[in-house]
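Engineer: Build me a model:
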Amino acid sequence: MNLFKQLLPTKRGIIGAQKYCRASFCALLHSTPDHSVEVHSPDQEVVIALGSNVGDRLNNFNEALELMRKLGINITRHACLYETAPAYVTDQPQFLNSAVRAVTKLGPHELLGVLKKIEQDMGRTGGIRYGPRPIDLDILFYGKYRIGSDILTVPHERIWERPFVMAPLMDLLGSVIDSDTIACWHSFSTDSDGLFGSWEKLGGESLIGKEGIKRVLPIRNCLWEWSEKTSVMGILNLTPDSFSDGGKFVSVENAVSHVRLMISEGADLVDIGAQSTRPMASRISAEEELDRLIPVLEAVQGMPEMEGKLISVDTFYSDVASEAVKKGAQIINDVSAGKLDPNMHRIVAGLDVPYIAMHMRGDPTTMQSSDNLQYDDVCSQVASELFSRVNDAELSGVPSWRIILDPGIGFSKKTEHNLDILMGLPAIRAEIAKRSLAVSHAPILIGPSRKRFLGEICNRPAAIERDPATIASVTAGILGGANIVRVHNVKDNVDAVKLCDAILKERTQS
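Structural biologist: Numbers count the residues shown, from 1 in each chain. This is a model prediction of the structure:
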């Protein structure tokens with residue numbers, strides 16, 4: 001093994017990085033024949049790229065990440081997931097690409113050895129250069145070091161020409177440079193504006209969705225390109241006390257009939273809830289929730305009409321989430337983002353399904369208290385608090401490519417707060433982007449349907465009379481960047497969604 005000699009630290013400020021950091025240095029490591037040392041230091045922050053185009057690509061990623069954790073690589077952040085056209089050797093299947101940030105005590109050569117062993121154990125052979133492989137693991141960055149040896153070059157020498165590497169690499173950053181290590185990574189860029197400049201020079205966000213690179217969310221055995229159209233989630237409440245339709249669908253027969261209607265009207269997803277989360281709702285046990293949920297979930301899962309549709313289960317209990325996925329649910333929708341069950345994030349990490357994390361302060365009995373309704377800047381604070389929950393989920397093993405964000409309209413919000421959120425989805429994304437571009441790219445779900453604030457504005461005390469106001473709020477949300485709308489009245493909202501999507505398509509083409 002070639003070992004490295006650490007030279008004197010060099011201040012290598014670039015114009016772009018100097019804008020963002022107070023002071024940083026980047027150390028140069030190179031191999032020498034006679035006087036070299038492997039870097040063994042406190043934890044080093046690293047970036048590792050992942051690629052796969054043979055076999056079950058997503059399972060290959062999951063297996064590689066699990067092996068990395070076991071072998072001393074502590075993963076802290078995940079990029080989004082991309083399906084990309086092959087480069088260099090084009091006659092081969094499409095790739096999945098992503099990247100992770102991690103912390104490790106392994107020296108750079110030790111880390112390289114661990115990654116090569118994982119590749120070999122997962123079936124990678126020599127093969128064709130740039131050809132098919134079950135897993136490809138590359139070190140993009142290692143701490144603040146430039147490394148050059150016979151077997152390892154860091155930064156990876158071809159980062160700057162590869163959109164399928166740069167896109168996930170950018171996801172691992174925030175729009176604000178918050179550490180000397182990140183500033184140093186920017187200084188490695190060939191562009192004076194750092195990594196941001198290099199990414200823009202390739203085409204930046206304009207590449208996503210075309211040029212052979214799609215940002216996707218894995219569900220079941222499929223990859224959902226969720227940005228292609230706005231999805232409609234139909235609501236099925238199995239509770240006797242929900243604010244809008246409590247008691248209507250407690251029987252399996254009525255529930256199935258309503259699902260059949262929603263699907264016929266154009267619903268893409270059905271969200272099944274067996275626990276009321278309206279203000280001041282009494283909490284039932286996980287056991288009682290399961291008693292309500294499972295018979296209906298099994299019946300809905302068996303409906304021929306559900307072919308190609310998705311089932312989400314609305315629960316804040318990890319036991320319910322686990323059992324629901326066993327019975328066929330494909331998404332977990334948690335109004336507390338893990339706050340009401342400390343096991344939720346750990347359990348969801350093992351379920352391998354998308355996770356909707358919603359913003360709420362307190363619980364349904366306290367969420368509308370005066371303390372929980374205090375905001376100085378609701379969009380900024382919702383973004384910050386929601387990111388904190390998502391970050392906790394990610395550290396528990398839920399990759400950001402499985403996260404869906406919900407700003408929690410009607411939960412711990414006054415009327416003016418709900419309006420600010422409907423108009424402020426871009427501001428929420430931008431605030432999250434300061435900390436994580438990956439999380440800021442996640443799909444956003446909004447659920448204003450028949451909420452009390454609509455009744456207050458329109459003088460409609462009965463929830464069922466609020467469908468026109470729901471359509472207006474859904475329209476505002478979609479035009480502001482929402483990707484999924486959760487509604488009671490599917491038929492009329494589907495028409496609103498189609499119109500909004502047509503407007504957005506026309507906007508992008510003009």
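Engineer: I'd guessed residue 49 sits against residue 168; true?
Structural biologist: Yes: proximity of residue 49 to residue 168 meets the contact threshold set by CB atoms under 8 Å, at 6.8 Å. Yep, even glycine has a C-beta here, placed from its N, CA and C like the rest.
Engineer: Settle it for me: which of the two has more neighbours?
Structural biologist: Neighbour count, other CB atoms under 10 Å: between residue 49 and residue 168, residue 168 has more, with 28 against 23.
Engineer: any idea which element the more buried one lies in?
Structural biologist: Element membership for residue 168, per DSSP states H and E: helix 163-171.
Engineer: Same question for residue 486.
Structural biologist: Using DSSP H and E, residue 486 falls in strand 484-487.
Engineer: packing partners for that strand?
Structural biologist: Where contact means 3 or more CB pairs under 8 Å, 6 or more residues apart in numbering; DSSP states H and E, strand 484-487 is packed against strand 231-237, strand 445-446, helix 467-479, helix 490-509.
Engineer: Mean pLDDT added to those, as CSV?
Structural biologist: Shown next, in CSV, are the helices and strands packed on strand 484-487 (pLDDT from 0 to 100):
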stretch, mean pLDDT
strand 231-237, 97
strand 445-446, 98
helix 467-479, 98
helix 490-509, 95
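Engineer: Of these, flag the one that's most buried.
Structural biologist: When you average the neighbours per residue for each of those (mean count of other CB atoms under 10 Å), strand 445-446 leads with a mean of 27.
Engineer: Off-centre distance for it?
Structural biologist: Chain-centre distance of strand 445-446: 14 Å, with CA atoms, centre = their mean, to the nearest Å.
Engineer: Point out where the stretch 201-350 of the chain drops to low pLDDT.
Structural biologist: Within the stretch 201-350 of the chain, the segments meeting pLDDT under 70 span 241-247.
Engineer: quick one: the strands in it?
Structural biologist: Ranges of strands in the stretch 201-350 of the chain, per DSSP state E, counting those that start in this stretch, are 213-219, 222-224, 231-237, 269-273, 310-314, 331-334.
Engineer: contact partners of the first one?
Structural biologist: Applying CB atoms under 8 Å, 6 or more residues apart in numbering, the external contacts of strand 213-219 come out as 58, 80-85, 163-164, 167, 207-209, 223-227, 310, 330-331, 353-354, 401-402, 404, 441, 443.
Engineer: Need the buried ones from the residues you listed selected in PyMOL.
Structural biologist: Buried members of the contacts of strand 213-219, defined by 16 or more other CB atoms under 10 Å, are picked up in PyMOL with:
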select buried, resi 58+80+81+82+83+84+163+164+167+207+208+223+224+226+310+330+331+353+354+401+402+404+441+443
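Engineer: Next step: the contacts of strand 213-219 restricted to helices.
Structural biologist: Those of the contacts of strand 213-219 mapping onto helices are 58, 163-164, 167, per DSSP state H.
Engineer: Same list (those) but as JSON lines, adding pLDDT and distance to residue 304.
Structural biologist: Output for the ones in helices among the contacts of strand 213-219, formatted as JSON lines (pLDDT from 0 to 100; distance: CB to CB, whole Å):
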{"residue": "58", "pLDDT": "95", "distance to residue 304": "27"}
{"residue": "163", "pLDDT": "94", "distance to residue 304": "41"}
{"residue": "164", "pLDDT": "94", "distance to residue 304": "38"}
{"residue": "167", "pLDDT": "97", "distance to residue 304": "38"}
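Engineer: need the residues you listed in CSV with distance to residue 390, can you?
Structural biologist: Below are those laid out as CSV (distance: CB to CB, whole Å):
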residue, distance to residue 390
58, 20
163, 25
164, 24
167, 20
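Engineer: Residue 153 contacts residue 145, doesn't it?
Structural biologist: No: judged on CB under 8 Å, residue 153 makes no contact with residue 145 at a distance of 11.3 Å.
Engineer: about what we covered before: what touches both of residue 49 and residue 168?
Structural biologist: Common contact partners of residue 49 and residue 168 (CB under 8 Å, 6+ apart): 97-99.
Engineer: just curious, which of the residues you listed is nearest to residue 125?
Structural biologist: Among the shared contacts of residue 49 and residue 168, residue 97 lies closest to residue 125 (CB to CB), at 20.4 Å.
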